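A.B. asks: Pasting the sequence and the predicted model now:
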Amino acid sequence: MTKIWNNYRYLILRRFTQIGILILFFGANVWGWKILEGNLSTSKIFGIIPMSDPYAVLQMVAAGAVVATDLLLGVAIVTLFYFLVGGRAFCSWVCPINMVTDSANWLRRLFDIDRAQLQKQPIGRNARYWVLGLSLIVSAFMGIAAFEFISPISMLHRGIVFGIGFGWAAVLIIFLFDLFVLKNGWCGHICPLGGFYSLLGKFSFIRVHHLEENCTLCMKCKVVCPEKQVLHMIGKESIPVLSGECTNCARCIEVCDDDALRFSIRDFIQNKKTGE
Amino acid sequence: MSNHSKAKQPLSDRRKFILNMARGVGYAAIGGMVWSAYLDEAKASPLVLRPPAAIKENDFLKTCIKCGLCVEACPYDTLKLAKPGEHTPVGTPFFIPREIPCYMCEDIPCVPVCPSGALDESSVTVDGHLDINVAEMGLAVIDENSCIAFWGIQCDACYRACPILGEAITVEYSKNERTGKHAFLKPVVHADACTGCGMCEQACVTEKPAIFILPREVAMGKAGSHYIKGWDKKDEARLKDAHAIHTTTKVSKKEAVDKLNGGLEGLLDD
């Protein structure tokens, strides 16, 4: 039992926050709970504290909308939170699509689909930044928040709270895409919201830290990591994972049997010395 | 020869970078056009009915953040968030009056909760108080061909259902020439009072409602500002600050003389 907790503690906590947030939203719509109302686009905690998706509001600005004070306040709160905690903590601790792509990835490992698929990944990990830029251009051009109209993330969380309609098809597409077409395809290559949070979390404080002297080079961490390019230091250097693309999902910490990875607060003084 | 050696040389970093950027721009151009084409279709929804105090549809689509707080505030479950597959811009709030009309709550709970300004409280505020009677969600339109009151059968379901009874819908009496002894009791909608709540549409007794709500943009024409109701003091007041614009075209005598002196070639060309 302790072994299960040890090996899956962060995964369990992540599922708990992901599902818990959806339950609170659902309860607000169906039973009138006042704890967390709205959805992941914009919400209110206890009917007072506003929270808004900064990327959605950015698209609205690009589209030429007049943004209300409530939204700006909500954006400030969310931006500050993820700026400090690590932007892509949203991806692994809040976003419901994470459960879809994690299960696709799990099946991929289970059936060894990686080894059956020999050709190179056709899209690079920088594609998300292109999609991010493109979404703003299309928003400006079409006069609506472009990604919000096609976002499978929004379709899923909105669908769970307010009824999903054909939104399940978008979720199924993501699942099949990640399972058969591209490993970590949606979250790790295309999703512009992930790209946005990667940029936002570049300077955040909570980091995974590698201790090279403990590492036995088993590479279990790289197998489970959805953004394995951020773990380039494994077995080489004792430094923190500094890429904003790290989602702070902590799967690497759990699978490491040698205590070579752990969470730490980013040490700015040390970084200064090494010239980071 | 030159081609041959080129193929053997590894690409320089600069060339690689430029080619990759060009590839990115190409992908983005394809993606951007497909994306825009889809959005153009997806946002076209001329017949959708919005919550009270919604700003103009074009602005509404760019301002609404799709949080659903208005939907949660609606006590009658009138408002819904559009799901994929409903042919309504996805995630935006709307209502279908035949199913559940707007019951015109006096405190209009759906409007003040809107965080984005897509529902504009000031448009339903009169003298500092919320007033649902000035909302303009749509306009009731009557199809006289299928309305049984226009056939001469007595029905005043819509008139009775109207929350602004006697103002938004009135009943007009006229003689039924067919029977010679009965009256037509025809419902008439008045656009200045009708809010488009849709209670008439829900109450209508015909199989498919003979009175139904359309967005005001769709249901109404526009006379243009150059028509003024002279008998209406308010409308007539528009003339007060109006001033005529005198346009004079300068006539050049010299040019006319030059033209005549220049021979007739130009004139005879036609």
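C.D. replies: Yep, it's here.
A.B. asks: Summarise which helices and strands the helix or strand encompassing residue B:172 is packed against.
C.D. replies: When elements are assigned from DSSP states H and E, residue B:172 belongs to strand B:169-176. For strand B:169-176, the packing partners by 3 or more Cβ pairs under 8 Å, 6 or more residues apart in numbering or on different chains; DSSP states H and E come out as helix B:157-161, strand B:182-189. To be clear about C-beta, it is placed using only N, CA and C from the backbone, and glycine gets the same treatment.
A.B. asks: Could I have the CA atoms of it written out in CSV?
C.D. replies: What follows is strand B:169-176, C-alpha atoms only, in CSV (Å, rounded to 0.1, in the frame of the first residue of the first chain):
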residue,chain,number,x,y,z
ILE,B,169,-49.6,42.2,-28.4
THR,B,170,-53.0,43.8,-28.9
VAL,B,171,-56.1,42.3,-30.4
GLU,B,172,-57.6,44.1,-33.4
TYR,B,173,-61.3,43.5,-34.2
SER,B,174,-62.7,43.4,-37.7
LYS,B,175,-65.8,42.0,-39.4
ASN,B,176,-65.8,38.5,-40.7
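A.B. asks: Could I get the buried residue list for it?
C.D. replies: Within strand B:169-176, the residues scored as buried using 16 or more other Cβ atoms under 10 Å in any protein chain shown are residue B:169.
A.B. asks: What of stretch A:161-172?
C.D. replies: A:161-162, A:164-165, A:167, A:170-171.
A.B. asks: Which stretches in the stretch 151-276 of chain A count as helices?
C.D. replies: A:152-162, A:167-176, A:185, A:192-200, A:220-224, A:251-255, A:268-274 (DSSP state H, counting those that start in this stretch).
A.B. asks: cool, and the stretch 1-150 of chain B?
C.D. replies: Using DSSP H, counting those that start in this stretch, the helices of the stretch 1-150 of chain B run over B:2-8, B:13-42, B:57-63, B:69-73, B:148-151.
A.B. asks: which one of the ones you listed lies closest to residue B:133?
C.D. replies: Nearest to residue B:133, of all the helices of the stretch 1-150 of chain B, is helix B:69-73, at 19.0 Å by Cβ to Cβ.
A.B. asks: Please report how far the closest residue to chain A within the stretch 151-270 of chain B lies from residue A:264.
C.D. replies: Shortest the stretch 151-270 of chain B-to-chain A distance, computed as Cβ to the nearest Cβ: residue-wise this is residue B:217, at 16.6 Å. Applying Cβ to Cβ, to the nearest Å, the value for residue B:217 to residue A:264 is 58 Å.
A.B. asks: Neighbours of the closest residue to chain A within chain B, how many?
C.D. replies: Nearest residue of chain B to chain A (Cβ to the nearest Cβ) works out as residue B:83 at 2.5 Å. Number of residues near residue B:83 (other Cβ atoms under 10 Å in any protein chain shown) recorded here: 18.
A.B. asks: Same question for the one 3 residues further on.
C.D. replies: As a burial measure, the neighbour count of residue B:86 was computed by other Cβ under 10 Å and equals 17.
A.B. asks: thinking again about what came up before, worst average pLDDT in the helices of the stretch 151-276 of chain A?
C.D. replies: Lowest mean pLDDT within the helices of the stretch 151-276 of chain A: helix A:268-274, at a mean of 50.
A.B. asks: So what's the residue count around the residue of the stretch 151-270 of chain B closest to chain A?
C.D. replies: Count around residue B:217 with other Cβ under 10 Å applied: 13.
A.B. asks: Wasn't it part of a strand?
C.D. replies: No. Under DSSP: H, G, I helix; E, B strand; the rest coil, residue B:217 falls outside any strand and is assigned helix.
A.B. asks: Now do the same contact list for it.
C.D. replies: B:46, B:57 (Cβ atoms under 8 Å, 6 or more residues apart in numbering or on different chains).
A.B. asks: Also residue B:100?
C.D. replies: Counting by Cβ under 8 Å, 6+ apart, residue B:100 has contacts B:76-78, B:202.
A.B. asks: before we move on, what about residue B:230?
C.D. replies: Residue B:230 neighbours (Cβ under 8 Å, 6+ apart): residue B:236.
A.B. asks: what's the burial count for residue A:185?
C.D. replies: Neighbours of residue A:185 (other Cβ under 10 Å): 23.
A.B. asks: Can you tell me how far it is from residue A:228?
C.D. replies: Distance, residue A:185 to residue A:228, by Cβ to Cβ: 14 Å.
A.B. asks: Residue B:69: neighbour count?
C.D. replies: Other residues close to residue B:69 by other Cβ under 10 Å number 24.
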